[in-house]
Structures are given as C-alpha cells and as structure tokens.
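Enquirer: Below: sequence and its predicted model.
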Amino acid sequence: MSTLEFNQMLTSNAKYLKGFAYNFTRNVEDAEDLLQDTMLKALRYKEHFQEGTNFKGWLFTIMRNIFINNYKRKKLQNTITDQTTNQFYLNYGKVSEDLVNMRANEKDINKAISGLTYEFRTPFQMFMDGYHYDEIASAMSIPMGTVKSRIFHARKRLMEDLKDFR
C-alpha cells in the first residue's frame, strides 16, 4: 500500500474515530487529543498494518490502547506515596472518623447477615470465609447448585437490607 493510499484511508476514517474517541472521553477537547494521538501513532506504525485486514478495526484498536494507557498513566500520577512511619500524612485527620464509620457499618452488616435464615446464612458465611462452592456443598450435604442459589439469594436479600450503603 502506498503512503498516499494509507493517508487517504486514515483521513477518511477520521470522522468515525472522532465519535469513537468521544465515547471514551466524554469531552470534546480530550476526544480531539485522542484522535490526534491515534492518527500520529497510525502514521508512525503504518508499516505494521497488514493489507487485507480491517483498517478501521486496526485504528480503533490503536485508539483504545492509547486511551487505556493514558488512563493508567493518569491514575498512577494521582497516587500519593507516603514514606513516613505508619503513613502519617495519608492517615492524619481522618483515621478516627473512618474507624467510627467502619465500626458502625460493620455492625449494620453483621446484623443484616444475622437476619438471614440458617439455610441462607450458613452457605453465605462459608463463602465469605473463602470456602469454594463444592466444599460448602459437601459440608452441608446439599447439591452445589443449591449452594449457588442460596448464596445468590442471600446476596440479593442483603443488597435490599443494606441499600443505604450504595
């Protein structure tokens, strides 16, 4: 494929790429930046494109990978590292508040779990303790499908009882 053909295909797909970029970013300026990065990378790696394959799919894959890499990079940039003993700076001021909220939430959660009937509470607690479905089934002498069903219904009931935590 000649450079001219490649460039024509690239520019003819720009409108599709822009819409795809907006779906990722939900911001016009960020979408334009993502489109520009995608087109630049496509031009840089045009020799890697294999003729006969889906050009638009190749471009969309490049865009998706750029978006994911940028997202991961931004997430890492916002990470705060605290080298102090016991992470003093990160925990200062909110430790006691978080501890009080955590204990109150834990009490409500345990109360909701205790409110489940034995047939739902037992497999749910065993699952939360790390037991696998087959281990729970053999310990309770019930089929594995029943274990899965009871855990599902226990979760459903707990979500209703604890809807204020969402």
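Expert: Sure thing, it's come through.

Enquirer: so where is the chain shaky, pLDDT-wise?
Expert: Applying pLDDT under 70 to the chain flags the ranges 76-104, 165-166.

Enquirer: Now do the helices in this protein.
Expert: Under the criterion DSSP state H, helices of the chain are mapped to 3-12, 14-25, 28-44, 55-77, 88-91, 95-114, 118-128, 133-140, 144-161.

Enquirer: Now do the first one: distance to the chain's middle.
Expert: In other words, helix 3-12. Going by C-alpha atoms, centre = their mean, to the nearest Å, the spacing between the C-alpha centre of helix 3-12 and its chain's C-alpha centre is 35 Å.

Enquirer: next one: stretch 10-29
Expert: In terms of C-alpha atoms, centre = their mean, the centre of stretch 10-29 is found 23 Å from the chain centre.

Enquirer: picking up where we left off before, CSV for the helices of the chain, including mean neighbour count?
Expert: C-betas here are computed from N, CA, C, even on glycine. Listed next are the helices of the chain as CSV, based on neighbours: other C-beta atoms under 10 Å:
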stretch, mean neighbour count
helix 3-12, 12
helix 14-25, 16
helix 28-44, 16
helix 55-77, 14
helix 88-91, 12
helix 95-114, 11
helix 118-128, 17
helix 133-140, 15
helix 144-161, 16
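
Enquirer: what's the domain layout of the protein?
Expert: For the chain, automatic domain parsing gives the domain ranges 3-77, 85-165.
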